[in-house]
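# Take a look and give me a structure for this.
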Amino acid sequence: MFMNTNIAAVNSSRHIYNTNTCLDKTIERLSSGFRINSGADDASGLAIVEKMAMQNQGIATAIQNTQDGSALLKIADGALDNVSKMLVRMEELAVRAANQSLTLSDRDAMKEEVSQLMAHVNSISSNTEYNTIKILNGNMDVRKVLTQNGGTDGSLRILKAPSTVASFDGLDFSLTSAGTAAIATGAAPATTSAIGLVNTISVNGVEINVAASDTTDVVLSKINIQNEKTGVIAVKDTTNTVSLVTGVIDADAENVINIGSGDTAINGSALGYLTIGTAATISLGGATSIWGALGFTATLDNYAMSGTNVEGTLSGIAMTGHGAVLEMENQSSRGYGLQIQAHMFNGANGGYIINNAASIGSAIGYISSSGDGATISLNSSDKMSLHIGANYNQAISYTISSVEASSLGIGASTKFGSLAEIDISTVENANISIKVIQKASRDVADMRADIGAALNRLEYTDKTLQVQKENMTSAESKIRDADISIEMTNFTRQNIMLQAGTAMLAQANSKTQNILSLLK
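Below you'll find the model as predicted:
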């Protein structure tokens with residue numbers, strides 16, 4: 001028994017101190033609700049949850065970005081819906097104006113309505129906004145500049161610059177092969193009298209009935225009547241030699257200028273536009289005797305023809321030809337996804353075909369030719385970019401084209417280069433205007449389809465981010481948050497131990513009183 005040193009009291013005091021420290025930590029966790037309140041609580045856990053917290057906040061902001069993007073696209077889609085309705089009304093007026101039964105005052109009234117509708121289309125293009133940002137005037141589109149430095153001016157144009165394309169300045173484009181239509185020419189002049197045979201011939205699998213009294217011109221007319229099914233135009237030259245050429249019969253082609261001969265006058269003898277590319281094919285069948293009377297005296301298999309696609313390069317990298325359209329499919333090019341169309345003329349697609357020319361060579365007008373070139377620049381900085389993730393470079397981009405009248409309906413007509421140029425003052429012009437309006441309607445429909453696809457993607461993106469945020473929050477909670485049931489159990493145990501330790505310390509301190517009994 002010792003008087004100067006009370007080991008039992010020291011031991012009890014140490015245990016009380018440890019219990020008190022643990023109780024303080026438990027009270028801190030119960031008060032804050034967090035298991036980790038400082039780096040000392042769980043150093044590695046703190047490092048993990050801090051990154052998670054940052055990610056979680058970034059995801060919350062990305063959700064807001066996604067919803068903002070959806071709101072912008074919905075405004076654009078709503079405006080385009082009204083443009084579509086106005087185009088329907090324009091088509092209605094053009095169809096009405098294509099009827100000969102109208103008076104001059106009737107046409108003037110209809111022209112005025114078309115003019116007002118056109119003005120409102122341009123107004124929608126100029127004034128549709130989201131958060132004061134113009135969204136339908138082309139500000140969110142890729143800026144495209146094509147400067148032609150070879151060939152016929154206007155024969156090349158940028159058809160499409162997708163949202164994936166990168167910005168570049170002054171890349172050289174060269175058309176290495178202009179592409180061709182499929183052409184089958186008779187080996188001899190056609191008969192000048194009636195065919196004198198009753199039988200059936202076929203062009204691209206479409207049967208055509210020939211009567212004995214049919215002349216060459218009648219048979220060619222019957223072939224051309226089936227143009228919509230066959231994709232082939234029949235013509236003959238001044239020597240009475242018949243040729244079949246892949247193309248589309250269209251009276252609008254009469255407005256083409258015969259640029260091949262240097263003419264500046266409108267060529268009223270053009271039957272239609274050429275169809276160029278490997279998909280343009282000609283196959284003949286049926287009565288060989290009738291084909292022989294038309295000048296196709298060799299075996300019909302000899303006249304099975306295919307066209308060729310255009311070929312070209314962009315800054316030395318080969319582009320892929322699809323008919324008259326070139327697309328950059330090499331991902332190493334900055335112009336990846338860029339589409340360039342050759343054989344353009346005053347807004348219309350393709351070259352043209354005329355009848356009764358000196359030869360098949362002069363009957364076909366190819367607008368583009370091998371060696372045509374251009375300098376192309378694209379600026380994609382104005383695209384609508386939406387950051388849809390918490391990390392670097394987790395963004396998607398969209399382009400929204402201009403809906404201005406001058407940007408719609410391009411490529412439908414030689415006479416009217418765009419919707420802005422249509423005219424319904426005459427039956428002929430109203431008839432041509434119909435297809436320009438229909439092309440404009442398809443342009444708007446394509447824009448709405450792209451916007452709809454983007455909206456669907458953003459909707460799924462929003463759902464994905466919501467789930468990701470929920471799971472990230474759950475993961476963070478499992479590391480950072482305190483388990484209250486466990487902490488309350490610890491609190492109760494530590495509180496009892498503190499009380500017991502305090503009582504034992506009192507007993508240890510009183511134990512030395514027994515020494516006094518020995519000193520009596």
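
# Compute the number of surrounding residues for the residue lying closest to residue 203 once chain neighbours are set aside.
Spatial nearest neighbour of residue 203, chain neighbours left out: residue 230 (4.6 Å); criterion: CB to CB, 6 or more residues apart in numbering. (Glycine included, C-beta is placed from N, CA and C.) Neighbours of residue 230 under the rule other CB atoms under 10 Å: 21.

# Give me the pLDDT for residue 230.
Turning to residue 230, the model gives it a pLDDT of 97.

# thought it was touching residue 201?
No. The pair residue 230 / residue 201 is not scored as a contact, 11.3 Å apart, by CB atoms under 8 Å.

# right, and residue 305 touches residue 185 too?
No. Counting by CB under 8 Å, residue 305 sits too far from residue 185 to count as a contact (9.2 Å).

# pLDDT-wise, which helix or strand of the protein ranks last?
Within the chain, no helix or strand scores below strand 348-349, which has a mean of 70 by mean pLDDT, DSSP states H and E.

# Mind listing residues that contact that one?
252-253, 256, 273, 324, 341, 343, 411-414 (CB atoms under 8 Å, 6 or more residues apart in numbering).

# how long is stretch 145-152 from one end to the other?
17 Å (CA to CA, to the nearest Å).

# Off-centre distance for that stretch?
Distance of stretch 145-152 from its chain centroid, counting by CA atoms, centre = their mean, to the nearest Å, is 25 Å.

# what's the answer for stretch 205-217, then?
Worked out by CA atoms, centre = their mean, stretch 205-217 lies 45 Å from the chain centre.

# show me the contacts for residue 343.
Here residue 343 is in contact with 155, 178-179, 274, 276, 310, 324, 349-351, 366-368 (CB under 8 Å, 6+ apart).

# Specify which member of the contacts of strand 348-349 is nearest to residue 335.
residue 341 (14.5 Å; CB to CB).

# Can you say which helix or strand has residue 457 in it?
Take DSSP states H and E as the rule and residue 457 turns out to sit in helix 427-480.

# Name the residues of the helix or strand following that helix that are buried.
For helix 427-480, the following helix or strand on the C-terminal side (DSSP H and E) is helix 484-511. Under the neighbour-count criterion of 16 or more other CB atoms under 10 Å, helix 484-511 has 487, 490-491, 494, 497-498, 501, 504-505, 508 buried.

# Stretch 459-469 too?
By neighbour count on 16+ other CB under 10 Å, the buried set for stretch 459-469 is 461-462, 465, 468-469.

# outside of that stretch, which residues touch it?
Stretch 459-469 has contacts (CB under 8 Å, 6+ apart) with 56, 59-60, 62-63, 66-67, 70, 388.

# Low-confidence ranges, the stretch 101-250 of the chain, go.
Across the stretch 101-250 of the chain, nothing is flagged by pLDDT under 70.

# Quick check, residue 255 in contact with residue 414.
Yes. Counting by CB under 8 Å, residue 414 is a contact partner of residue 255 at 4.4 Å.

# Using the three-state scheme, assign residue 385.
Assigned with DSSP: H, G, I helix; E, B strand; the rest coil, residue 385 falls in the strand class.

# Can you check the pLDDT for it?
For residue 385, the pLDDT comes out at 88.
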